[in-house]
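> How does the following fold in three dimensions:
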Amino acid sequence: MQIIEILKKRNLISNSLIKSIVGFMAKWDVDAYRAVVETHIIEESRLADILSDEFKLTRVARLRSRPVDLKALEFLSYASAVATDILPYAIDQDGRLQVAIADPSRSECIKKLEERYGRPLVLHVAERSEIQSSIQRHYPLSMQLPNTISSSMENGCDSTT
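Next up, the predicted model:
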């Protein structure tokens, strides 16, 4: 719901659109991010720009064409990455995990990944479609299969492999 509050504060959605978003969320059991994007109320690229501005995070464009460090992928299972729209894609020179996220308001998921990594993360905002495409492109099949089998037991924010 934080996304709805952000959009309302910026005068980008009306009360009737909020009702539509909330109704869509309830009917299809999706979060506010997906409801806003899937109903085309705000374009996905524009929403990423808004969220990067709101959370004071760097906006990452064309994530799918960036190289991804396989060591970074080890900190989040394939199933969790797909479920949460989060991609750990690099470890910088200072040992910080670089993470692309579609919805930075998902603080619980961020906290779980940070706990697993053991130090603060460097978050970047990317479009959900770019994250999903990059996940499919970069997670090796060997990392996908074991997690696909156990994904029915896994919470979307669970970061176990």
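> Distance from the longest helix along the chain to the middle of the chain?
If you go by DSSP state H, the chain has its longest helix at helix 15-28. Average the C-alpha atoms of helix 15-28, do the same for its chain, and the two points are 21 Å apart (Cα atoms, centre = their mean, to the nearest Å).
> cool, stretch 15-34 as well?
With Cα atoms, centre = their mean, you get 18 Å for stretch 15-34.
> what comes up buried for it?
For stretch 15-34, a neighbour-count test (16 or more other Cβ atoms under 10 Å) marks Leu17, Ile18, Ser20, Ile21, Phe24, Met25, Asp31, Ala32, Tyr33, Arg34 as buried. C-beta here means a position set from N, CA and C on the backbone, and glycine is covered the same way.
> Ramachandran angles for the closest residue to the fifth one other than its chain neighbours?
The shortest distance from Phe24 to any non-neighbouring residue, by Cβ to Cβ, 6 or more residues apart in numbering, is to Ala35 (4.5 Å). Dihedral angles of Ala35 (phi, psi; degrees, to the nearest 10) stand at phi -60, psi -40.
> in the chain, what secondary structure element scores lowest on mean pLDDT?
helix 141-150 (a mean of 67; mean pLDDT, DSSP states H and E).
> what's the residue nearest to Phe24 in contact with, if anything?
By Cβ atoms under 8 Å, 6 or more residues apart in numbering, the contact set of Ala35 is Ile21, Val22, Phe24, Met25, Trp28.
> which residues touch the second one?
Meaning Val22. Here Val22 is in contact with Ile4, Ala35 (Cβ under 8 Å, 6+ apart).
> try 7 Å
The contact partners of Val22, by Cβ atoms under 7 Å, 6 or more residues apart in numbering, come to none.
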